[in-house]
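Visitor: Sequence and predicted structure, then a few things I'm wondering about:
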Amino acid sequence: MELVKAVESWKQELLPVLKSKAEELQLMGYPKATDEDIWMCLVKKVWKGNPEKRLYEVVQDIFHLSSNIYMSYLTIDAYQDDDLLASIAALTGKS
């Protein structure tokens with residue numbers, strides 16, 4: 001019997017896989033890549049939520065995460081953070 005769970009439920013078991021992917025991305029020129037960034041990228045860009053998957057499917061998704069998708073996630077995330085900071089500055093009158 002194959003066990004199917006929400007991807008969030010697999011996170012603890014996947015820490016070594018996430019760490020391995022972070023090390024791969026660091027070798028590819030993304031020195032600040034972390035397992036948490038990779039997890040959030042997958043949640044937002046690949047899985048788009050918390051779908052139910054088998055363990056091997058989640059591992060496959062992690063190892064197949066391309067640097068293009070990761071870079072796209074980082075870029076969008078940075079713009080959203082900048083917009084948030086600009087909005088806070090506008091509201092507080094500080095720049």
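Guide: Yep, it's here.
Visitor: now the strands: where do they sit in this structure?
Guide: Ranges of strands within the chain are 4-6, 52-54, based on DSSP state E.
Visitor: Quick one: mean pLDDT for the first one?
Guide: Looking back up the chat, that one is strand 4-6. The average pLDDT within strand 4-6 is 95.
Visitor: cool, stretch 77-94 as well?
Guide: Stretch 77-94 comes out at a mean pLDDT of 66.
Visitor: ditto for stretch 29-41
Guide: Mean predicted lDDT for stretch 29-41 stands at 94.
Visitor: So which bits of it are buried?
Guide: Across stretch 29-41, burial judged by 16 or more other C-beta atoms under 10 Å covers 30, 33, 35, 37, 38, 39, 41. Yep, even glycine has a C-beta here, placed from its N, CA and C like the rest.
Visitor: got it, and stretch 9-27?
Guide: Residues of stretch 9-27 classed as buried: 10, 14, 17, 18, 20, 21, 22, 25 (neighbour count, 16+ other C-beta under 10 Å).
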